[in-house]
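**Student:** Quick one, what's the 3D model for this:
(2 chains)
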Amino acid sequence: MSGPLCHRVDLAVLGAGPAGGAAALAASRAGLRVALIDENPEAGGQVWRKPVRPAARSAKADPGEALRADLRAGGLTLLYGRTVWSVGASLDLDLIDGESGRWERVSAGRLVAAGGAHERVVPFPGWTLPGVVGLAGATILLKSHGVAPGRRVLVAGCGPLLFAVAAGLAGTGIDVVGVADLAARGDWLRAMPSLLTRPGLLGQGARWMASLRAAGIPVFFRHALRRAEGATGIERAVIGPVDAEGAPAPGPEHAFAVDALCVGNGLVPGAEVTRLLRAPHRFDRLRGGLVPVTDEAGRTGIPGLYAVGDGAGLRGAAMAALGGEFAGLAAAADAGRLASDAFAREAARLRRAMARERPFSDGMAGMMRLRPAQVRAIPPETVVCRCEDVTRAEIDAAVEAGARDVNQMKQFTRCGMGPCQGRMCGDVAAELVAARVGPREAVGSFTARPPLRPIGFDELMGDFDYADIPIPEPAPL
Amino acid sequence: MTMHDLAVVGGGVHGATAALFAARGGMDVALFDRGPLCREASGVNAGTLTMQMTRVALMPYALRAHAMWASARDWLGHDVGVVVCDGLSLAFTPAEEELLTYRAGKRREAGAPIVLVSGSEARRIEPGLSPAVRLAGHCRVDGYANAYLTGLAYRRALLEAGVALRESTPVRGVTPTGAGFELDTASGTVRARRILLAGGVWIEPMLAWLGVHLPIKTLVNQLVVSERVAPVMRTVVGIANGLLSLKQYPHGTVVIGGGWQGVGDRERGGVELLPDRVVGNVRLACHAIPALRAARMARAWAGLEAETADALPVAGPVPGVEGAFVCGSVHSGYTSGPYIARLLAERILGREPDLPLFPVDRLLSRPRAA
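**Tutor:** From the prediction side, this is the model:
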């Protein structure tokens, strides 16, 4: 067979985290035929990732287990372990089943994009050494594979994930030598009023802090990585004080002998689908960067395309689940399968719930935001695009040579042309161009291109006969 | 207000080359583009510099243009990553053998040094080739440039030649004044004695400013590039009917092209790639170079190509408008563009070009009755 296996449904949901999962369930309960697609072998996304070792608490109390059970309960086409490489103007998705290698196509005419977020690492000298991993990457290693990133670990960056990872590592007996937080203790205290709106999560944060204190792990507030050093992998990590904007400040450095470094400077919305389809976007620093313009139900500027969860702007898991449910119901209403008064009732309920979550969500997004001064302090010889080994100095030189937007800079340097297609470096690279050229809106973002994920030619083309290739008519002689 | 000797609208290979040679010939030249230089067809094409996809009528031009690309460091002064290497056009079936034999013969008559070789000889030239190859056209005049470097190279050369470079400055209209032209640009009115319209697929709306109707068809060519991989090939590879172009760059990426059509138009650009055609193009590429199967696709995109009714260029004076010129819509225009644009610059400078230009008259529809 040389063509795709087609799934015809009413709604395709791409991404089975809190947002996509809720969208799929809401739309399915409203009577739509729904296909839910994810690259992982199970639903849950990053935040509710299925652990390789079952958690101590009961499945009932675990939102990930509850979601997975609800999704399995029936009625949905669950397409897990799929690599989605193409999304067309018809909103058709082309995917490869990682297990069978089969080419599949999901045709729905309606699509909820719930792609989650990517990690942001603000580059520092030595960040490409083996042993330096992202905070989310460390979580995946630990949760999905039961593998520790190292034996002596420094945790650095910003946002709540910092303490979640530090406490998680310490809890498995790993020697966490310290935590370097870009924020001051006062920044957290100022965020407190918003945190108090979610006592449960605040309590979780307090438990993380308590476990760090109990283990004697020092926390260096308003500190950032200065450099990582080592011959063939990381051996030493050095931190130093920073000011409120993330720029290096005077004061003593601290060096740690480590064999791993977990670092993350917040998250960037994974908005590849909406960008590829050219839906209207705007730059929103608080929400992590470039985000699709949507209404409250996640409707984008393209009919039938909805964007929810962190991929539509960072708001965290609770808001993602509410936004996903809203979009799932909106899709059903837009398809004429949910009466407008019923939709209005549900919308009012969701609006109230979202209003309750908003202060906490905004507070956390603020702690994770990019600090432009930290980017401006990246030393010239430091690699920014690790796929193509493009340094900060080369990006600056491209601007000197006349590049006025990120895509021109990309053509001058190859920055963003590698396998990650700018998912890792795009936000920081744009910030570097903007520092010399003008606002982020003016310098733009790397043009989104297929494939949505790198895909092997072997997987892409499957088995075929030469005679079956639909070669077009010859060009004129 | 300054009166330029020449205003060029469109900063692709055609406009930029003509501007460069006109400035070097002593003219005061201003060059306008709505975006950065060479960011449309001239920056996103597959970079192939082959004679085996060139139209027979263009062969004398393409051969001279190939020599220009090969010596870009001498006349342009900057690197566009040009590699000169062998080229092979493949036949996998008896029907393709027949097509190849006919087409290679015609191109050879036109001056391209193409010889037909057996499958085994082709595999000696390109060890990466599939054993399924039955016959190949072999041409030593072949190669490729790194298209995305075109803008940077021309930018430097134009500034050195003293061209007034106006990137990100859309021209909204042009009015003949009798003594020249007034250009309505995003940064005010600009005056010039002569004007060159070199807007690729946008030549049609540009000529409409002068009341000339020249239909230009927009092709939407899909392209695929792999991530960097160890060497899998050393030549430029195509197939008999021209629907494949394949080469590996020195940094390891493999670019797959051949003009498989995506979705798009002049207004929106290349907006969508059709997955079935991406898969078809990739299957064809991997059928030719089997080791490519192990690579991963990093990126795919679609670029626009302009085509006139007879698929031959427009390069010459605009009929009925003194001082106005047009240049573009050259089939495989990236290959032949520098030479054809240089010929037109000679004409603008008042000299006799070495080879004939491509008059516009043949393509003009009859003027509408008053």
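
**Student:** For chain B, name the helix or strand with the lowest mean pLDDT.
**Tutor:** Lowest on mean pLDDT, DSSP states H and E among the helices and strands of chain B sits strand B:269-272, with a mean of 92.

**Student:** Show the secondary-structure elements that the following helix or strand past it is packed against.
**Tutor:** Later in the chain than strand B:269-272, the nearest helix or strand by DSSP states H and E is helix B:275-288. Other elements packing on helix B:275-288 under the criterion 3 or more C-beta pairs under 8 Å, 6 or more residues apart in numbering or on different chains; DSSP states H and E are strand A:82-87, helix A:457-461, strand B:217-226, strand B:236-239, strand B:254-257. Backbone N, C-alpha and C define where each C-beta goes, glycine included.

**Student:** middle-most residue in the chain, spatially?
**Tutor:** Because you didn't say which chain, this covers chain A. A:Ala117 (1.3 Å; C-alpha atoms, centre = their mean).

**Student:** switch to chain B, that's the one I care about
**Tutor:** B:Tyr334 (2.1 Å).

**Student:** I figured that one hits B:Gly47, correct?
**Tutor:** Yes: with contact defined as C-beta atoms under 8 Å, B:Tyr334 counts as touching B:Gly47 (7.0 Å).

**Student:** Between those two, which contacts overlap?
**Tutor:** Counting by C-beta atoms under 8 Å, 6 or more residues apart in numbering or on different chains, the residues touching both B:Tyr334 and B:Gly47 are B:145, B:147.

**Student:** is chain B contacted by stretch A:467-477?
**Tutor:** Yes: judged by C-beta under 8 Å from any C-beta of the partner chain, stretch A:467-477 and chain B are in contact via A:469-477.

**Student:** which one of the helices and strands packed on helix B:275-288 has the most crowded surroundings?
**Tutor:** Of all the helices and strands packed on helix B:275-288, strand B:236-239 carries the top mean neighbour count, a mean of 29, counting by mean count of other C-beta atoms under 10 Å in any protein chain shown.

**Student:** Pull up the pairing partners for that strand, direction included.
**Tutor:** strand B:83-91 (parallel), strand B:245-248 (antiparallel) (DSSP bridges).

**Student:** list the contacts for residue 196?
**Tutor:** In the absence of a named chain, this looks at chain A. Going by C-beta under 8 Å, 6+ apart, the list of residues near A:Leu196 reads A:Leu202.

**Student:** hm, I was asking about chain B
**Tutor:** Counted by C-beta under 8 Å, 6+ apart, B:Leu196 has contacts B:6-9, B:15, B:18-19, B:324-327, B:344, B:348.

**Student:** quick one, domains of the chain?
**Tutor:** Let's take chain A. A:5-116+A:268-365, A:123-264, A:378-437 (the TED database).

**Student:** ah, I was thinking of chain B
**Tutor:** B:3-43+B:148-215+B:310-363, B:85-140+B:217-307 (automatic domain parsing).

**Student:** quick one: the first one to chain centroid distance?
**Tutor:** Averaging C-alpha coordinates over domain B:3-43+B:148-215+B:310-363 and over its chain gives two centres that are 14 Å apart (C-alpha atoms, centre = their mean, to the nearest Å).

**Student:** what about the residue of the stretch 1-150 of chain B found nearest chain A, which SS state?
**Tutor:** Across the stretch 1-150 of chain B, the shortest distance to chain A (C-beta to the nearest C-beta) belongs to B:Tyr148, at 4.2 Å. Here B:Tyr148 is helix, with the state taken from DSSP: H, G, I helix; E, B strand; the rest coil.
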